[in-house]
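[1] next come a sequence and a model predicted from it.
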Amino acid sequence: MSQTVTVQVKLLPNQHQSDLMSRSSATYIATINALVAEMVQAKEPTRKTSKYVNAPHPSAVKNQAIRDAKSVFRKAKKSQYRIIPILKKPCILWNNQNYTFDEGSVSVPLMVDGKSKRIRINATFTQDILTKLASPKRGTLRITKKAHKWIAQFSIVIPTQQNTGTNIMGVDLGLKVPAVAVTEDEKTRFFGSGRRNKYVRRKFKSKRQKLGRKKKLTAIKKLHNKEQRWMKDQDHKVSRQIVDFAVKHNVSIIRLEKLANIRQTAKTSRKNAKNLHTWSFYRLASFIEYKATLAGIKVEYVDPKYTSQTCPSCGNRNKSKDRSYKCRCGYHTHRDRVGAMNIRHAPVIDGQSRSA
């Protein structure tokens with residue numbers, strides 16, 4: 001087993017290097033968009049080589065741009081050209097044969113005065129990152145700018161070993177309780193705080209409304225981005241806690257609900273409708289799968305039908321009241337715990353979970 005991960009390193013370029021990367025990343029994206037437009041018009045992949053791509057880049061970068069453009073074209077073709085992706089965020093990529101690094105720098109070829117020249121850019125590497133980058137299977141290097149800082153993103157393949165345990169853990173995802181996990185031996189844990197999440201979201205909303213009345217559109221956009229980063233951070237923390245809990249209890253398989261069409265099928269109150277449509281259940285599931293694979297734990301997706309209604313004791317179906325589940329047989333527990341217990345034994349669905 002193996003898992004492809006992205007390792008981020010902060011770059012420390014001087015002003016000249018920063019200007020070079022700004023120009024190169026902007027023209028790189030423009031080159032891809034131009035190639036995609038040509039392919040869409042011709043309704044077939046380009047046969048151009050780097051020699052015939054008119055762009056101020058080394059041939060290695062041109063070849064990478066051609067590969068990226070073909071990837072974007074395949075997406076357009078798959079949608080039968082109804083959706084033509086246009087890349088906007090400046091970045092630039094090199095394959096694993098065209099960049100090098102050491103403990104304090106990254107070297108890449110860039111165009112300087114019309115000639116390809118290898119530029120050495122200072123960078124901050126930790127020992128953990130250097131250990132990961134020692135992997136013999138390295139992919140592309142992507143350099144982009146985030147919050148006025150240059151970031152190098154290395155794609156690497158890390159080998160993983162399948163956990164040999166036999167314990168299966170079910171995980172139920174929700175709003176009021178972000179996640180509930182139950183193992184085969186009935187070990188249970190609740191993760192995150194839905195109440196706290198809603199409180200923080202309300203605070204962000206209130207601030208945006210105040211800024212809206214003052215017509216401060218740039219500030220609203222920055223605040224929205226900050227909220228999205230906060231939501232993503234919560235998903236990272238919850239997914240890490242879930243996988244750590246699984247490792248602690250020798251879990252070999254984590255089972256999650258298949259989240260197809262959850263916004264159309266989930267029943268929720270009006271006050272929770274906004275959170276349902278803005279919270280990314282799929283992202284949390286993806287983070288769990290990503291971290292579980294690195295830990296050697298397999299992730300499976302199951303049919304969520306009736307998982308929160310079926311009694312784990314007798315098999316009867318009952319509708320719960322608020323967060324409490326009670327069955328005619330006398331069994332009672334938290335509703336989301338019932339869902340996680342039933343997810344452990346629900347039918348497994350082939351393929352990956354789709355976006356919520």
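    Received it, and whenever you're ready, just let me know what you need.
[2] now do stretch 324-334, average pLDDT.
    Confidence over stretch 324-334 (mean pLDDT, whole number) is 86.
[3] got it, and stretch 342-355?
    Average pLDDT, stretch 342-355: 70.
[4] quick check, distance from the helix or strand where Q153 lies to the centre of its chain.
    Element membership of Q153 [criterion: DSSP states H and E] is strand 149-159. When distances are taken as CA atoms, centre = their mean, to the nearest Å, strand 149-159 is centred 14 Å away from the chain's centroid.
[5] following element in sequence after the host helix or strand of N197, please.
    Here N197 sits within helix 194-213, counting by DSSP H and E. Under the assignment DSSP H and E, the closest C-terminal helix or strand after helix 194-213 is helix 217-248.
[6] so that next one versus helix 194-213, what angle?
    Using axes from the mean of the first three to the mean of the last three CA atoms, to 10 degrees, one finds that helix 217-248 and helix 194-213 are set 170 degrees apart in direction.
[7] circling back: what is the strand holding Q153 packed up against?
    The contact analysis (3 or more CB pairs under 8 Å, 6 or more residues apart in numbering; DSSP states H and E) places strand 149-159 against strand 2-11, helix 127-133, strand 138-146. All C-beta atoms are positioned from the backbone trio N, CA, C, and that covers glycine.
[8] so what are the sheet partners of whichever helix or strand comes after that strand and their directions?
    Next along the chain after strand 149-159, taking DSSP H and E as the criterion, comes strand 167-173. According to DSSP bridges, strand 167-173 has the following sheet partners: strand 179-182 (antiparallel), strand 251-257 (parallel).
[9] closest to Q41 out of the ones you listed?
    Proximity to Q41, assessed across the strands paired with strand 167-173 by CB to CB, is greatest for strand 251-257 (42.0 Å).
[10] for that closest one, list the C-alpha coordinates in CSV.
    Once non-C-alpha atoms are left out, strand 251-257 reads as follows in CSV (Å, rounded to 0.1, in the frame of the first residue of the first chain):
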residue,chain,number,x,y,z
VAL,A,251,-8.7,-0.9,14.2
SER,A,252,-7.9,-2.3,10.8
ILE,A,253,-11.0,-0.9,9.0
ILE,A,254,-12.9,2.4,9.4
ARG,A,255,-16.4,2.5,7.9
LEU,A,256,-18.0,5.7,6.9
GLU,A,257,-21.4,6.6,5.3
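[11] run through who's touching that strand.
    162-173, 183, 242-243, 246, 285, 288-289, 292, 297-302, 304, 307, 339, 343-344, 346, 348, 353 (CB atoms under 8 Å, 6 or more residues apart in numbering).
[12] and stretch 137-146, by the same measure?
    If you take CB under 8 Å, 6+ apart as the criterion, stretch 137-146 is touched by 2, 4, 11, 21-22, 25, 64, 89-96, 99, 106, 108, 150-157.
[13] which parts of that stretch are buried?
    For stretch 137-146, the neighbour count (16 or more other CB atoms under 10 Å) marks 138-145 as buried.
[14] ok so, going back, which one, of the strands paired with strand 167-173, ends up nearest to H224?
    Closest among the strands paired with strand 167-173, using CB to CB: strand 179-182, at 24.8 Å.
[15] following that closest one, which helix or strand comes up?
    Next along the chain after strand 179-182, taking DSSP H and E as the criterion, comes strand 188-191.
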